[in-house]
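In: Have a look at this fold, sequence not included:
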């Protein structure tokens with residue numbers, strides 16, 4: 001069923017067009033990824049869909065009674081006092097109805113035989129409405145979403161709303177949006193405040209939904225996992241693609257290639273015609289030349305395919321090589337407000353490493369970076385950065401960008417000898433041209449400030465680059481430009497990010513912060529994901545085998561005693577018991593093999609090397625074979641037991 005349809009929609013701000021010719025049809029249950037560069041109109045598209053903005057031209061059709069769920073940019077949470085109340089603010093009427101039902105029930109109990117038919121009818125009517133609107137599942141639903149997004153549901157019932165950080169308020173706003181009844185969810189950068197674990201939970205949650213989802217996101221791994229359609233805003237228009245994000249990339253490349261070929265073919269044809277006209281317009285073939293000129297004037301010109309105009313031209317260089325040891329941490333411990341973030345940890349970052357640091361929100365990733373750059377000392381141990389190492393730090397809050405200075409002054413202060421032309425040229429590499437270079441940084445959007453921060457970092461010449469969530473405000477094209485620049489960079493990189501595609505593409509080493517400690521994995525993030533999946537698989541197999549063993553023991557304990565009395569059946573019974581004993585021996589043998597393989601997979605040392613990760617995969621396959629054989633002999637034992645009873 002079609003829920004939403006846009007036809008030839010255009011939006012202009014004064015004389016400035018934002019986009020035109022947008023055509024989009026959304027049917028129930030689809031999951032659309034809305035992508036495009038910052039400023040291409042993604043948020044405006046959402047406002048058009050909800051009716052908060054009107055198109056300059058074109059039509060928008062919506063199914064009757066369609067309900068939206070939109071995360072407001074500045075939430076007040078409906079005056080809620082606690083975290084749980086804020087998550088449930090959309091169900092104010094339903095919770096009032098629940099309270100009313102409690103009061104009615106108490107009143108009817110007190111009335112006893114004096115209870116009137118009107119009281120009973122009202123109670124039945126309200127109870128039916130409460131059940132129809134999901135009142136009985138409301139609490140469990142809110143608890144599940146809060147838990148999935150990193151909140152303790154029990155603590156949320158008493159935790160004051162004003163104790164939340166900015167990131168926690170963002171996650172709570174997302175929780176409120178997910179539980180709100182809606183036919184279409186409009187999600188605007190939902191992963192910005194999520195860590196890896198909660199991002200994966202959100203992916204699973206959205207995949208289980210029956211509702212339609214439209215999501216603006218720059219997280220390529222998230223888009224790949226969730227969407228089945230993509231709407232790409234580019235070059236002032238929009239194009240729809242069917243399939244996941246990888247399929248979109250392939251189709252877009254094919255589309256651009258076809259456009260380029262068509263444009264080049266027409267350009268060659270036009271050039272040949274114009275050459276003929278120039279040579280013959282005044283000669284013997286003048287009539288033919290004039291005829292060709294008239295036909296050429298009527299030919300509709302193809303536009304060149306959208307290129308990379310406007311994408312960042314970022315290049316990162318290390319002016320000095322530096323030493324082989326970049327950061328040396330010796331028994332480092334971190335404390336915040338009396339809470340231990342990190343135990344005594346020792347490690348070295350070596351020249352050329354691209355170190356990815358991952359972990360849940362609040363684990364201490366940004367605090368650890370602040371120690372590395374010297375903003376704060378460690379609470380225990382020492383961190384040494386040699387004098388030969390120069391650091392450029394991309395802060396998550398973009399505080400390195402002076403809010404009270406113009407973009408021109410910021411770059412000019414870093415390169416005072418350049419002069420006006422080179423300063424403007426440098427800013428132009430990051431999309432700031434004309435009068436935009438005279439804007440104060442405090443007036444910029446998050447994405448624009450992020451590009452200024454990268455423009456500053458490009459001039460640093462540092463041989464150690466430290467990034468704290470650099471993709472939060474960047475569009476996909478800018479993230480790809482950043483990824484290319486880091487890949488070509490010759491120095492050392494420390495990268496804190498929840499962008500799995502970026503981590504997979506760049507990292508050569510991974511630190512995992514968890515439970516107050518760091519696991520130093522000697523491989524990239526993609527390898528760590530493989531190892532983690534193997535360990536999770538081993539744990540699942542262990543749980544499955546434990547359940548199988550429990551069933552075996554229960555059957556052994558509940559097996560009926562031999563109560564056969566007929567002498568002519570005794571021989572068959574003894575044979576059946578021998579079969580049971582033989583099957584039990586087989587079960588015990590395969591139990592031992594499964595336990596041994598599981599023990600090998602649970603050995604932490606196995607996962608410390610790339611070779612170990614490969615061995616883990618082989619052991620996992622052996623475990624699957626052993627599990628299948630155990631199931632087979634277990635079935636034989638069950639059949640033998642049944643016959644002996």
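Out: It's in. All figures in this text were calculated on a predicted structure; none of them were measured in a lab.

In: in terms of contact, does residue 345 touch residue 357 like I think?
Out: No - using CB atoms under 8 Å, residue 345 makes no contact with residue 357, being 11.9 Å away. Using the backbone N, CA and C atoms, a C-beta is placed for each residue, glycine as well.

In: Neighbour count: those two, which is higher?
Out: The neighbour comparison of residue 345 against residue 357 (other CB atoms under 10 Å) goes to residue 357, with 25 against 21.

In: Look up which residues are beta-bridged to that one.
Out: residue 496, residue 511 (DSSP bridges).

In: List the contacts of it.
Out: By CB atoms under 8 Å, 6 or more residues apart in numbering, the contact list for residue 357 reads 365, 368, 369, 494, 495, 496, 510, 511, 513.

In: For the residues you listed, could you give me JSON lines that also reports pLDDT, distance to residue 376 and neighbour count?
Out: Output for these, formatted as JSON lines (pLDDT from 0 to 100; distance: CB to CB, whole Å; neighbours: other CB atoms under 10 Å):
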{"residue": "365", "pLDDT": "92", "distance to residue 376": "14", "neighbour count": "24"}
{"residue": "368", "pLDDT": "94", "distance to residue 376": "10", "neighbour count": "25"}
{"residue": "369", "pLDDT": "95", "distance to residue 376": "10", "neighbour count": "20"}
{"residue": "494", "pLDDT": "97", "distance to residue 376": "16", "neighbour count": "25"}
{"residue": "495", "pLDDT": "97", "distance to residue 376": "20", "neighbour count": "25"}
{"residue": "496", "pLDDT": "95", "distance to residue 376": "16", "neighbour count": "23"}
{"residue": "510", "pLDDT": "95", "distance to residue 376": "24", "neighbour count": "24"}
{"residue": "511", "pLDDT": "94", "distance to residue 376": "19", "neighbour count": "22"}
{"residue": "513", "pLDDT": "91", "distance to residue 376": "17", "neighbour count": "22"}
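
In: can you pull the buried residues of stretch 266-283?
Out: Neighbour-count burial for stretch 266-283, with 16 or more other CB atoms under 10 Å as criterion, is recorded at 273, 276, 277, 280.

In: Return the member of those nearest to residue 453.
Out: Closest approach between the buried residues of stretch 266-283 and residue 453, by CB to CB: residue 273, at 50.1 Å.

In: what helix or strand is that closest one on?
Out: Using DSSP states H and E, residue 273 falls within helix 245-280.

In: What is the burial count for the residue lying closest to residue 280 once chain neighbours are set aside?
Out: Nearest residue to residue 280, sequence neighbours excluded (CB to CB, 6 or more residues apart in numbering): residue 289, at 4.0 Å. By the criterion of other CB under 10 Å, residue 289 has 18 neighbours.

In: Repeat that for residue 264.
Out: Using other CB under 10 Å, residue 264 has 12 neighbouring residues.

In: swap in residue 217?
Out: 22.

In: how close does it sit to residue 458?
Out: Separation of residue 217 from residue 458 (CB to CB, to the nearest Å) stands at 26 Å.

In: can you check residue 149 too?
Out: When residue 149 is compared with residue 458 (using CB to CB), they lie 36 Å apart.

In: Residue 246 too?
Out: Residue 246 sits 30 Å away from residue 458, going by CB to CB.

In: Neighbour count for those two, which is higher?
Out: residue 458 (21 against 11).

In: and the more buried one, what does it touch?
Out: Residues in contact with residue 458 (CB under 8 Å, 6+ apart) are 314, 315, 316, 426.

In: Recalculate using a threshold of 7 Å.
Out: If you count contacts by CB atoms under 7 Å, 6 or more residues apart in numbering, residue 458 has them with 314, 315, 316.

In: Could you do residue 188 as well?
Out: Applying CB under 7 Å, 6+ apart, we find residue 188 in contact with 43, 46, 71, 216.

In: Return the subset of the residues you listed lying in strands.
Out: Of those, the ones assigned to strands by DSSP state E are residue 216.

In: now the contacts of residue 188 in TSV, with neighbour count and pLDDT?
Out: Below are these laid out as TSV (neighbours: other CB atoms under 10 Å; pLDDT from 0 to 100):
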residue	neighbour count	pLDDT
43	17	90
46	20	93
71	19	74
216	21	94
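
In: What is the nearest of the contacts of residue 188 to residue 133?
Out: residue 71 (22.3 Å).

In: Contact partners for that closest one?
Out: By CB under 7 Å, 6+ apart, the neighbours of residue 71 are 173, 174, 177, 188.

In: tell me the contacts of residue 238?
Out: Residues counted as contacts of residue 238 (CB under 7 Å, 6+ apart) are 19, 22, 24, 231, 232.

In: Over to residue 472?
Out: Contacts of residue 472 (CB under 7 Å, 6+ apart): 192, 396.

In: Would you mind measuring from it to residue 398?
Out: Counting by CB to CB - residue 472 and residue 398 are separated by 9 Å.

In: Checking my notes, residue 230 in a strand, right?
Out: Yes - under DSSP: H, G, I helix; E, B strand; the rest coil, residue 230 sits within a strand.

In: Thought residue 33 was touching it, still the case?
Out: Yes - counting by CB atoms under 7 Å, residue 230 does reach residue 33; the two are 4.7 Å apart.
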